[in-house]
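In: Next comes the sequence, and after it the predicted model I'd like to discuss.
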Amino acid sequence: MVLAELGGSIARALKRMSDSTVVDEAAFAACLNEISRALLQADVRFASVKDLQANVRTTVNLASLPAGANKRHVITQAVVAELCRMLDPGTPPPFSPTKSKGTTTRPSVVMLVGLQGSGKTTTCAKYAAHHRRKGFSPALVCADTFRAGAFDQLKQNAAKANIPFYGSYAETDPVKVAVDGVETFLRSEQRHDLIIVDTSGRHRQEAALLEEMRQVAEAVRPDLVILVMDASIGQAAFDQARAFKESVPVGAVIVTKMDGHAKGGGALSAVAATKAPVIFIGTGEHVGEFEPFDPKPFVSRLLGMGDLSGLVNKIKDAMPDQQQNTNPEEMVQKLMTGGAFTLRMMYDMFQNLREMGPLGQLFSMLPGGFGGELMAKGREKEGQAKIKRYMTIMDSMTAAELDSTDPKMMNESRIVRIARGSGRQVKDVKEMLEEHKRMAKMMKKMPKMMPNLNNNRRCDSSSVSKIISSLPQNVLQQLGGAGALQNVIKQMKGAK
Ligand SMILES: Nc1nc2c(ncn2[C@@H]2O[C@H](COP(=O)(O)OP(=O)(O)OP(=O)(O)O)[C@@H](O)[C@H]2O)c(=O)[nH]1
């Protein structure tokens, strides 16, 4: 059972109870049993399921509810709260990297551990790319000397994401590679503020692996150790996570392959075993298929309820932070109020669209179209190539040109210079400028098209249905399905 199915089963159990003529003790018990069965089938630990049942029963006392109370609502709320609690150890990660570029503060050192094939190496690159988007200057160290191809894999991933890396073909001592790598970046003139150390994996949690982890951790003194777990790990997750926690101070968990056919519930039990929060989930092989994890929006999405804060977080996460003078809130605000849409803003959006993978398509579907026709359904590849071309052209522009709000600035001589600088033709530069004009025009209409975010105009429900039906299936799934999205839009309509 994949996680989406688990969500479906729980949602159905709640609905069946809601549909029953009376919500009495029998209907409540049947609903709880059905939810427990679904959780067990999804590999959630028996002890956690038992706790959930007991806690919901303690919270909901049907007999003591005042007459007229909405019992269905009270039960649903209690189930959602308990599901969130199961995924939330109640403590934040002990450490979050801080930006220190250009200062004398010691860079943050983060070490990733996990079994072989859990997705550690891929996750290192995703974690680095995520932080770079947030304005960090990350660097990668490959201390996986066990798997022959690991260095090349990290090197490739790092090169693709343009992130400096350190590794060695010759050195077989992981502790030495880790220490040398961290020291190299500590001394580097590039002033990295986040050093990410990839470590070896093994097929099982052998004593040798755990001892190696311990030694590497002792040598590089990481500020944070992240345990990477494959969503398909099943019931073994709890013991495995505990074994890692006993060797190294696991402070956070990343669950990978949440896009696959894994049951997922097992890996989520790692939270209970390590008392460390899940901070990200991997949702695909692509570097952008990586999402910060927040239990509440996740549970809402899982149950097909949709969650406005989840969507807003996604949009915020996609916005580059610090890269430019604009912070995400300002950027959204500017777009919503129809502020000037500069070429740099278009560049940033393209960057995000490229890094976000399929979710990027969502933005092209929003009214106003972040990329509109460029990312049209069925023509994504062509659109991606165009975006890349436009970005190369913009790389040859000056900061003043990128930040200009004067449409007359881009005169013929500048266009010729940019074409020459980027190795493209004049007509290509003009095409890119046309696209920018088209997008700027759309952005101006944005406040009207996003009613109730800024004003009280009524949302046109047919246009909402049109957006939802035109979303690619995988994007829709990521957002929890059509029902969830309708819910989100309803919440948007209600929001100030
Ligand atoms: N679908 C999907 N595949 C993933 C995800 N994360 C990683 N993978 C794939 O899982 C496979 C194993 O990932 P690696 O990053 O090599 O795993 P590892 O833990 O570093 O393996 P070792 O270095 O051998 O310990 C690769 O094919 C990745 O592309 C994810 O979130 N979703």
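Out: Yep, that arrived.

In: Show the subsequent helix or strand relative to the helix or strand of the chain with the lowest mean pLDDT.
Out: Across the helices and strands of the chain, mean pLDDT, DSSP states H and E gives its lowest value to helix 360-365, namely a mean of 46. Sequence-wise, the next helix or strand downstream of helix 360-365 (DSSP states H and E) is helix 380-395.

In: Show me what counts as buried in that following helix.
Out: 380, 383, 384, 386, 387, 390, 391, 393, 394 (16 or more other CB atoms under 10 Å). (Glycine included, C-beta is placed from N, CA and C.)

In: quick one: contacts for residue 91?
Out: 275, 277 (CB atoms under 8 Å, 6 or more residues apart in numbering).

In: Between helix 380-395 and the longest helix along the chain, find me the angle.
Out: Across the chain, the helix with the greatest residue count (assigned by DSSP state H) is helix 426-449. Per axes from the mean of the first three to the mean of the last three CA atoms, to 10 degrees, the angle that helix 426-449 makes with helix 380-395 is 110 degrees.

In: hey, C-alpha coordinates of helix 426-449 in PDB?
Out: This file holds the C-alpha atoms of helix 426-449, laid out as PDB (Å, rounded to 0.1, in the frame of the first residue of the first chain):
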ATOM      1  CA  VAL A 426      19.600  38.600 -32.200                       C
ATOM      2  CA  LYS A 427      16.200  37.000 -32.900                       C
ATOM      3  CA  ASP A 428      16.700  34.700 -29.900                       C
ATOM      4  CA  VAL A 429      17.300  37.700 -27.600                       C
ATOM      5  CA  LYS A 430      14.200  39.400 -29.000                       C
ATOM      6  CA  GLU A 431      12.100  36.200 -28.500                       C
ATOM      7  CA  MET A 432      13.300  36.100 -24.900                       C
ATOM      8  CA  LEU A 433      12.300  39.800 -24.400                       C
ATOM      9  CA  GLU A 434       8.900  39.100 -25.900                       C
ATOM     10  CA  GLU A 435       8.400  36.300 -23.500                       C
ATOM     11  CA  HIS A 436       9.300  38.600 -20.700                       C
ATOM     12  CA  LYS A 437       6.800  41.200 -21.900                       C
ATOM     13  CA  ARG A 438       4.100  38.500 -22.100                       C
ATOM     14  CA  MET A 439       4.800  37.400 -18.600                       C
ATOM     15  CA  ALA A 440       5.000  40.900 -17.200                       C
ATOM     16  CA  LYS A 441       1.600  41.500 -18.700                       C
ATOM     17  CA  MET A 442       0.200  38.400 -17.100                       C
ATOM     18  CA  MET A 443       1.800  39.300 -13.800                       C
ATOM     19  CA  LYS A 444      -0.100  42.700 -13.900                       C
ATOM     20  CA  LYS A 445      -3.300  40.800 -14.100                       C
ATOM     21  CA  MET A 446      -2.300  38.500 -11.300                       C
ATOM     22  CA  PRO A 447      -4.100  40.400  -8.500                       C
ATOM     23  CA  LYS A 448      -7.300  40.200 -10.400                       C
ATOM     24  CA  MET A 449      -6.800  36.500 -11.100                       C
END
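
In: same for that helix, what does it pack against?
Out: Counting contacts by 3 or more CB pairs under 8 Å, 6 or more residues apart in numbering; DSSP states H and E, helix 426-449 packs against helix 328-336, helix 343-356, helix 380-395, helix 412-422.

In: of all these, which lies closest to the ligand?
Out: helix 343-356 (14.1 Å; CB to the nearest ligand atom).

In: pLDDT averaged over that closest one - what is it?
Out: Average pLDDT, helix 343-356: 72.

In: cool, stretch 299-306 as well?
Out: 68.

In: Repeat that for stretch 8-25.
Out: pLDDT averaged over stretch 8-25 gives 83.

In: neighbouring contacts of that stretch?
Out: Here stretch 8-25 has contacts from 1, 27-28, 30-31, 34-35, 37-39, 41, 62, 71-72, 75-76, 79, 83, 302-305, using CB under 8 Å, 6+ apart.

In: and the chain, which residues reach the ligand?
Out: 114, 116-122, 144, 147, 150, 153, 201, 256-257, 259-260, 282-285 (CB under 6 Å from any ligand atom).

In: rerun that using 8 Å as the cut-off
Out: 114-124, 126, 144, 146-147, 149-150, 153, 198, 200-202, 228, 230-231, 256-260, 281-285, 289-290 (CB under 8 Å from any ligand atom).

In: re the thing from before, out of the contacts of stretch 8-25, which sit inside strands?
Out: Using DSSP state E, the subset of the contacts of stretch 8-25 located in strands is empty.

In: Now stretch 118-133: buried residues?
Out: Within stretch 118-133, judged by 16+ other CB under 10 Å, the buried ones are 118-133.

In: ditto for stretch 239-251
Out: 240, 241, 243, 244, 245, 247, 248, 250, 251.

In: Adding pLDDT and secondary structure as columns, could you present the residues you listed in TSV?
Out: Converted to TSV, these look like this (pLDDT from 0 to 100; DSSP: H, G, I helix; E, B strand; the rest coil):
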residue	pLDDT	secondary structure
240	84	helix
241	87	helix
243	88	helix
244	89	helix
245	90	helix
247	89	helix
248	92	coil
250	93	strand
251	93	strand
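
In: show me where the stretch 151-300 of the chain has helices.
Out: Under the criterion DSSP state H, counting those that start in this stretch, the stretch 151-300 of the chain contains helices at 174-187, 207-220, 237-247, 265-268, 270-274, 295-302.

In: now these in a markdown table, with distance to residue 157?
Out: What follows is the helices of the stretch 151-300 of the chain, written out as a markdown table (distance: least, CB to CB, whole Å):
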| stretch | distance to residue 157 |
| --- | --- |
| helix 174-187 | 15 |
| helix 207-220 | 20 |
| helix 237-247 | 23 |
| helix 265-268 | 22 |
| helix 270-274 | 24 |
| helix 295-302 | 26 |
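
In: Show me which of the ones you listed has the highest average neighbour count.
Out: helix 265-268 (a mean of 29; mean count of other CB atoms under 10 Å).

In: Look up how far the ligand lies from residue 98.
Out: 26 Å (CB to the nearest ligand atom, to the nearest Å).

In: Now that residue: which helix or strand?
Out: Short version, using DSSP H and E: residue 98 is in no helix or strand.

In: Could you check how many residues crowd around it?
Out: 13 (other CB atoms under 10 Å).

In: what ranges of this structure fall below the confidence cut-off?
Out: 1-4, 100-104, 148, 202-205, 260-263, 301-302, 304-339, 352-380, 443-496 (pLDDT under 70).

In: Cool, thanks, talk later.
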